[in-house]
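What would the 3D arrangement of this be:
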Amino acid sequence: MKIKMNERVKVLSLYDPAFGGMLPQMIHWGGQDHRVSEITAYRRARVGNLFFHTYLVKNGSYYFKLFLDSETLSWRLQEIDDYAATNA
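Numbers count the residues shown, from 1 in each chain. As a prediction, the model looks like this:
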C-alpha cells in the first residue's frame, strides 16, 4: 500500500563522482534506520537555476521515494510503498 507524505527525514548519503551526485545509503524514519539496498530510479529536474533530485530506493521491505533539494540540501520522504513486503 502506498502512503503519500511530505516529511523531512534524516538521510545518510555519499557523493559518488562516477554517478555525479549524492547516493542515499540510509534513511532514518519512524524511529528506525532503513539501509538502502538498491536505487531503482533517479530523476533530476531543473527549475530556473535550481536542481531537484528524486530517488526511488528500496531496502528489501519498502520502497521509499526521496526528494533532495539542491539549494537547501534537505531530504524529504514523499512516499512509502510496502509492495516488496506484501508481494515477496
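
Over to the nearest residue to residue 50 once chain neighbours are set aside. Which of the three states is it?
Closest residue to residue 50 apart from its sequence neighbours, by Cβ to Cβ, 6 or more residues apart in numbering: residue 71 at 5.3 Å. For glycine as for every other residue, the C-beta is placed from the backbone atoms N, C-alpha and C. At residue 71, secondary structure determined by DSSP: H, G, I helix; E, B strand; the rest coil is coil.

Isn't residue 71 up against residue 48?
No - here residue 71 does not reach residue 48: they are 10.2 Å apart, not a contact under Cβ atoms under 8 Å.

Near the residue nearest to residue 50, how many other residues are there?
Neighbour count for residue 71, taken as other Cβ atoms under 10 Å: 9.

Name the nearest residue to residue 67, ignoring sequence neighbours.
Per Cβ to Cβ, 6+ apart, closest to residue 67 is residue 76, 4.5 Å.

contacting residues for that neighbour?
Shown in contact with residue 76 (Cβ atoms under 8 Å, 6 or more residues apart in numbering): 6-9, 66-67, 69.

shaky segments in the protein?
For the chain, the stretches with pLDDT under 70 are 84-88.

For the spatially most central residue of it, give me the backbone phi and psi.
Centroid check for the chain by Cα atoms, centre = their mean gives residue 66 as the closest residue, at 2.8 Å. Dihedral angles of residue 66 (phi, psi; degrees, to the nearest 10) stand at phi -110, psi 150.

Help me confirm that it comes into contact with residue 59.
No - at 11.7 Å, residue 66 does not count as touching residue 59 under the criterion of Cβ under 8 Å.

Could you check how far residue 17 is from residue 74?
Between residue 17 and residue 74 the distance, using Cβ to Cβ, to the nearest Å, works out to 22 Å.
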